[in-house]
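# Sequence first, then the predicted structure, then my questions.
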Amino acid sequence: MTTTLQQLNDDIAALAHEAGRSLVQVRSGRSGAGAGAIWHPDGLIVTNAHVVGGRSLEVDLPDGRALPARVLAYDAAQDLAALVVSAEGLPAIPLGDSRALQPGQWVMAIGHPWGRRGAVTAGVVIGMGGAWPGAPYAGRELIAAALPLRPGNSGGPLLDVRGRLVGINAMITGPQVAFAVPVHVAKAFLRATLGAREAVAAA
């Protein structure tokens with residue numbers, strides 16, 4: 001039993017480490033900072049719209065580079081934004097199937113809570129849908145998960161048990177209920193604003 005638990009522990013840590021290669025920090029030029037996921041190797045990054053705002057942006061890459069970022073697309077209603085930095089060959093995060101998520105399945109969130117870079121939290125899926133009491137974006141499809149998010153997690157990846165992106169972490173209501181924008185919603189957003197190639201680039 002101990003060997004099995006150790007192997008599971010090592011596997012989960014390895015998944016989080018690998019996904020962290022695609023995790024960025026998005027800074028607004030003020031005190032606020034959020035997270036984002038590298039969607040395409042040529043510098044395309046997906047995050048929350050509320051992380052971006054209308055401010056001057058800089059993105060800290062996992063390799064230590066800090067690059068200015070430009071907003072390519074922005075949708076406040078869906079809380080999604082697409083940024084681009086001048087870089088190539090970046091490690092794009094693999095995409096999962098958010099429509100296949102089921103209540104009780106294990107998920108992980110990675111981000112920068114309170115500025116602590118690359119921190120990981122984990123929990124289970126509560127459910128999917130668009131009618132969640134206390135959640136904004138009335139009528140929008142969201143993933144609800146029982147895991148803690150804090151300031152600095154916004155815009156970061158929600159991962160399935162294979163380390164694939166299934167959601168963009170967006171908000172928390174109460175101490176242990178988090179909401180994320182499903183990755184299929186992010187794909188549709190990119191397809192509508194940037195084109196089909198970018199929408200499925202990391203699939």
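That came in fine, so what should we check first?
# so where do the helices sit in this structure?
2-20, 49-52, 183-193, 196-199 (DSSP state H).
# which of those sits most buried?
Neighbour counts (mean count of other Cβ atoms under 10 Å) averaged over each of the helices of the chain peak at helix 49-52, with a mean of 22. Where you see a C-beta, it was placed from the backbone N, CA and C, and this is true even at glycine.
# Name the residues that touch it?
26, 28, 32, 34-36, 71, 74-76, 78-81, 83, 154-155, 170 (Cβ atoms under 8 Å, 6 or more residues apart in numbering).
# contacting residues around the one residue sitting closest to the centre of the chain?
Nearest residue to the geometric centre of the chain (Cα atoms, centre = their mean): Pro157, 2.4 Å. Residues in contact with Pro157 (Cβ under 8 Å, 6+ apart) are 19, 22-23, 35, 37, 93, 109-111, 165, 167-169.
# give me that answer again for 6 Å
37, 110, 165 (Cβ atoms under 6 Å, 6 or more residues apart in numbering).
# my guess is the second one contacts Ala119, does it?
Right, the one you point to is Ile110. No. Applying Cβ atoms under 6 Å, one finds Ile110 not in contact with Ala119, separated by 7.1 Å.
# So which of those two has more stuff around it?
More neighbours surround Ile110 than the other of Ile110 and Ala119, with 28 against 19 (other Cβ atoms under 10 Å).
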